[in-house]
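Participant: Make a model of this:
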Amino acid sequence: MATQTAPVPPSVGGLPATEESLLLQHEVEQTLYLEARLLDDWNLDEWLTLYTEDARYVVPTTDLPEGDPESDLVFIDDDYNRMAARIVRLKSRHAHREYPWSRTRRFIGNVMVTGTDDDEVEATASVAVWRFRAGESSPYVGRYDVRLRRVDGRLRLCYKRAILDLEELSDHGALSIIF
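Facilitator: Model prediction:
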């Protein structure tokens, strides 16, 4: 009896399916899954180590998901230093909406590598975050567009754009968690 091998898909996220592209896809997925776990576990200091020192984290408003922080109002436009300051604030009593912090559960899916060049990998993923606080739950649903760069042998995020599919935040009150 002949041994059968699993068919290789013709492409992975638009890239030719090779062993290298399959490994890269897996590595991108594992990085995003690790980020989700660290945020859900409120391990914010370790979460920041997933980012490069020139990183940028953007969350556009719900009415302008394609908004550009250079010319449009956005919910969040953080560089690495502002991300670090956000962590300090979230871990203190000064973050009234998050003290004590909310419980969250993140679901990451449909991860797709959309491009590569010499230095960076671009990817997209669907995300759902459930926030539990004061007897209520709030779903946040959207998409991540990310760029990752290999630093010291591992992929690190150098850009993350978290786009909310919600039409408004009125039911949620505010975006006080890291989406």
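Participant: any low-confidence regions in the chain?
Facilitator: Low-confidence segments of the chain (pLDDT under 70): 1-16, 94-100, 168-177, 179.
Participant: At the geometric centre of it, which residue do we find?
Facilitator: Y144 (5.3 Å; CA atoms, centre = their mean).
Participant: Now tell me what touches whichever helix in the chain runs longest from outside.
Facilitator: Using DSSP state H, we find that the single longest helix of the chain is helix 19-40. Identification of contacts with helix 19-40 by CB atoms under 8 Å, 6 or more residues apart in numbering yields 8, 12-13, 15, 44, 46-47, 50, 103-108, 111-113, 116, 121, 123, 125, 127, 144, 146, 148, 154-157, 177-178. Every C-beta, even on glycine, is put in place using the N, C-alpha and C of the backbone.
Participant: in the following helix or strand past it, what's buried?
Facilitator: Once helix 19-40 ends, the next helix or strand along the chain (criterion: DSSP states H and E) is helix 44-48. Along helix 44-48, these residues count as buried under the neighbour rule (16 or more other CB atoms under 10 Å): L44, W47.
Participant: Restrict the next helix or strand after helix 44-48 to CA atoms and write it as CSV.
Facilitator: Following helix 44-48 in sequence order, the next helix or strand is strand 51-60 (DSSP H and E). Output of strand 51-60 as CSV, limited to C-alpha atoms (Å, rounded to 0.1, in the frame of the first residue of the first chain):
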residue,chain,number,x,y,z
TYR,A,51,6.9,44.8,20.3
THR,A,52,9.9,46.5,18.7
GLU,A,53,11.1,49.7,20.2
ASP,A,54,9.9,51.6,17.1
ALA,A,55,6.4,50.0,17.3
ARG,A,56,3.2,51.8,16.7
TYR,A,57,-0.3,50.7,17.9
VAL,A,58,-3.3,52.3,16.3
VAL,A,59,-7.1,51.9,16.9
PRO,A,60,-9.1,54.1,14.5
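Participant: who does strand 51-60 pair up with?
Facilitator: Sheet pairing for strand 51-60, assigned by DSSP bridges, gives strand 74-79 (antiparallel), strand 154-164 (parallel).
Participant: Kindly calculate the angle that the longest helix of the chain makes with strand 51-60.
Facilitator: Between helix 19-40 and strand 51-60, the angle comes out at 70 degrees (axes from the mean of the first three to the mean of the last three CA atoms, to 10 degrees).
Participant: distance between helix 19-40 and the chain's centre?
Facilitator: Taking CA atoms, centre = their mean, to the nearest Å, the mean C-alpha location of helix 19-40 is offset from the chain mean by 11 Å.
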